[in-house]
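[1] Need the 3D shape of this:
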Amino acid sequence: MMTRELDSVSKHIENLTIHAEDATEENTLSPSTNEQKHVDFTQMPQEILVHIFSYIDADFLVNVVSLVSKYLHDILSNDQYWKMRLYKKFPQDFPIVNDSNFSMADTSKECISCWKIWKKSNGLQNNIVLSQPSGCTVDCIHLTEDRNLCICGGRDHNMTVWKLDPEPGANIDTSSEKIPQKHLNHHKGWVWSINSRPGEICSTSFDTTMKLYNMQGLEITRSIRAQAPVLCSTYVDEHTIAAGCINAKTIMVDSRSGSIIRSDNFHKRSVLKIESDSNYTVSTGEDGVLIIVDIREMKIVQKIRTRGFAMAMNSSGKQIWTGSKTGLVQVYNAKNPNRVYEAARLDYGFSGKVTALRYTSGAVYAGSTDGWLKIFQPTLKPDCLGELHLKSDGLTDISVVDKRLAVSAGNGMVTLWDPASTPPSEDPWDESA
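    Presented below is the predicted three-dimensional model:
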């Protein structure tokens with residue numbers, strides 16, 4: 001496969017080869033007297049290669065061309081090349097918050113891939129409705145990282161699990177009736193949040209319980225009782241779950257024993273959203289405060305007053321994205337957890353509250369109570385990659401894995417977008433990108 005693709009690259013580069021002799025006065029070359037000397041493109045000057053690479057698909061450059069020689073690998077490992085390439089296509093600064101772990105090559109691939117899928121191909125128009133409007137609000141939606149399951153929970157106390165084909169694009173031409181589904185009715189109150197780790201699913205509910213399920217058979221493995229309705233949750237590590245409750249408490253749960261190992265009053269009102277890595281939790285509440293907690297010492301390292309309490313949040317790497325009831329999206333620089341500050345305030349044109357938000361290096365996915373789903377570039381002056389108005393009584397949650405997108409709504413509707421991946425074509429030269 002690689003040999004065939006490299007041959008394709010070589011054929012294109014041969015079109016740029018330098019002829020050994022000048023043309024005749026008639027500006028023609030005689031094949032009998034002039035031989036074309038082929039240039040080894042692995043030895044061409046860097047300036048020429050950079051120009052040639054600008055016409056070649058980014059995935060192909062990273063996955064094929066960079067493996068040909070150390071010389072080519074060094075060029076394609078340079079962040080300055082990818083920054084220049086990305087800026088040429090999208091004259092914006094990427095990312096809003098930079099950090100040492102940031103990869104310009106990955107960002108370039110993601111940005112161009114998202115542009116192709118959502119803008120160039122108008123990808124939001126191609127979707128499948130997994131659940132028709134029922135009048136009963138679906139408050140949460142979750143796609144598992146293995147791409148096998150889509151799970152929603154609602155105010156009818158039930159969860160619905162759809163078994164998906166993990167192959168990108170494989171589900172979109174299938175009718176929803178043909179996608180296997182299973183209903184779980186273990187809760188006795190509204191289902192507020194769903195999360196997962198490999199092999200396990202966690203749901204939280206207004207009935208004050210957290211339920212754990214085996215991912216393969218969807219059997220319930222443990223029920224954990226809190227002191228109040230549990231509104232949000234996140235996996236800290238394989239065996240620890242952090243959750244936020246309506247009584248303003250943040251709890252830490254050992255999933256093996258089912259015991260609550262800590263309970264803290266970091267917020268003054270209901271904890272609406274919580275996310276975590278192995279060192280810190282980030283939570284927002286109805287008190288309008290964003291709180292960062294060092295979970296190694298279980299102490300607050302910073303409190304930030306937000307502009308209207310955040311109804312949606314996504315923490316990714318060194319940045320925190322929030323969506324507020326004012327309709328704005330705020331981005332916080334979290335490179336230093338002890339000094340988190342607002343880096344940007346973005347207006348995506350919503351007339352309602354921002355209730356759903358997911359950030360990736362290639363796109364930001366946002367939804368509002370006004371019924372609009374919008375996809376933007378993750379930049380200070382974002383270009384809209386796509387927007388769609390769903391007659392839905394407002395959007396409640398968004399889940400994104402790769403480019404697979406699921407959205408839940410206030411009228412019970414669940415919609416799935418499953419675009420095909422965008423690998424290099426037979427001809428890896430992609431001037432349109």
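[2] Look up phi and psi at the most centrally placed residue in the chain.
    Residue closest to the average C-alpha location in the chain (CA atoms, centre = their mean): Thr360, at 3.7 Å. Note on Thr360: its backbone torsions stand at phi -130, psi 170 [degrees, to the nearest 10].
[3] any idea how far it is from Pro180?
    Plainly put, Thr360 is 28 Å away from Pro180 if you go by CB to CB, to the nearest Å. (Each C-beta comes from the backbone N, C-alpha and C, glycine too.)
[4] contacts for stretch 414-421?
    117, 121, 123-124, 126-131, 138, 141, 150, 152, 160, 162, 164, 168-172, 390, 402-409 (CB atoms under 8 Å, 6 or more residues apart in numbering).
[5] let me fix that: stretch 217-224
    By CB under 8 Å, 6+ apart, the list of residues contacting stretch 217-224 from outside reads 161, 182, 184, 186, 200-201, 209-214, 253, 255, 258-260.
[6] Now the buried members of these.
    The neighbour-count test (16 or more other CB atoms under 10 Å) applied to the contacts of stretch 217-224 identifies 161, 184, 186, 200-201, 209-213, 253, 255, 260 as buried.
[7] of all the residues you listed, which comes closest to Lys353?
    Distance to Lys353, by CB to CB, is smallest for Met210 among the buried ones among the contacts of stretch 217-224, at 26.4 Å.
[8] Point out the other helices and strands that the host helix or strand of that closest one packs with.
    Take DSSP states H and E as the rule and Met210 turns out to sit in strand 209-214. Judged by 3 or more CB pairs under 8 Å, 6 or more residues apart in numbering; DSSP states H and E, the packing partners of strand 209-214 are strand 200-205, strand 220-225, strand 230-237.
[9] Quick check: beta-bridge partners of Gly154?
    For Gly154, the beta-bridge partners under DSSP bridges are Val138.
[10] That one contacts Val191, doesn't it?
    Yes: between Gly154 and Val191 a contact is recorded at 6.1 Å, counting by CB atoms under 8 Å.
[11] I'd like the distance from Arg70 to Leu86, if you could.
    Just so we're on the same page, residue 70 is Lys rather than Arg. To Leu86, Lys70 is 24 Å away according to CB to CB.
[12] These two: who's more crowded?
    The neighbour comparison of Lys70 against Leu86 (other CB atoms under 10 Å) goes to Leu86, with 22 against 10.
[13] Give the next helix or strand downstream of the helix or strand containing the more buried one.
    Following DSSP H and E, the helix or strand that holds Leu86 is helix 79-89. Per DSSP H and E, the first helix or strand lying C-terminal to helix 79-89 is helix 104-114.
[14] List the buried residues for the helix or strand following that next one?
    Next along the chain after helix 104-114, taking DSSP H and E as the criterion, comes strand 128-131. Buried positions in strand 128-131, judged by neighbour count with 16+ other CB under 10 Å: Ile128, Leu130, Ser131.
[15] Perfect, that will be all.
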